[in-house]
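Participant: Next input, structure requested:
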Amino acid sequence: MKVLFVCLGNICRSPTAEGVFRHKLRAAGLEGQVQVDSAGTGDWHVGKAPDSRTRQAAQRRGYDLSAQRARQVEAADFQRFDLILAMDQSNLRNLQALRPAGARADLDLYLRRFDLALDEVPDPYYGGEDGFEQVLDLIEQASDALLIEIKGRL
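Facilitator: Numbering: from 1, shown residues only. Below is the predicted model of the structure:
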């Protein structure tokens with residue numbers, strides 16, 4: 001099973017989702033059975049580490065994002081991954097436009113997939129520290145639900 005998390009620049013929301021979900025897979029003993037990655041629809045931050053505020057908020061909760069580097073979604077991702085989860089509607093639309101004919105990946109909004117209170121993970125980039133904490137809260141909830149789904153698929 002291969003899962004890709006996608007946001008705009010791959011420095012806030014999607015690396016957080018990748019780090020949190022990797023942590024949950026490891027805790028469940030499933031790390032070797034599920035490949036996890038993240039990417040952005042834009043190319044502004046390719047090769048850069050996650051935003052320092054993202055890393056700090058994650059670190060406070062025990063998630064290490066320091067090894068991650070931003071990359072942009074590529075056409076091959078639609079064949080390589082089973083599930084591509086967008087953080088918001090705009091990124092989902094961008095993914096749908098990029099999706100090649102015959103692609104096998106299932107596309108969805110990360111939060112909507114699990115009927116959580118919000119449909120989208122809000123972008124914390126231009127906000128304060130509380131936005132990064134809210135992103136973590138939402139992603140932790142969605143990651144718990146995704147873990148249940150993945151266990152069912154395996």
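
Participant: mind listing the helices for this protein?
Facilitator: With helices called from DSSP state H, the chain shows them at 13-27, 52-60, 77-80, 89-98, 129-153.

Participant: ok, and which of those helices has the densest surroundings?
Facilitator: Of all the helices of the chain, helix 13-27 has the most neighbours on average by mean count of other CB atoms under 10 Å, namely a mean of 24. Every C-beta, even on glycine, is put in place using the N, C-alpha and C of the backbone.

Participant: can you state the direction angle for that one and helix 129-153?
Facilitator: Following axes from the mean of the first three to the mean of the last three CA atoms, to 10 degrees, one obtains 50 degrees for the angle between helix 13-27 and helix 129-153.

Participant: Helix 13-27 versus helix 89-98: what angle between them?
Facilitator: Counting by the same axes, to 10 degrees, helix 13-27 lies at 90 degrees to helix 89-98.

Participant: any residues touching helix 13-27, and which ones?
Facilitator: Helix 13-27 is contacted from outside by 3, 5-7, 31, 33-34, 36-40, 50, 54, 57-58, 62-65, 68, 70, 85, 87, 110, 121, 123-124, 135-136, 139-140, 142-144, 146-147, 150, using CB atoms under 8 Å, 6 or more residues apart in numbering.
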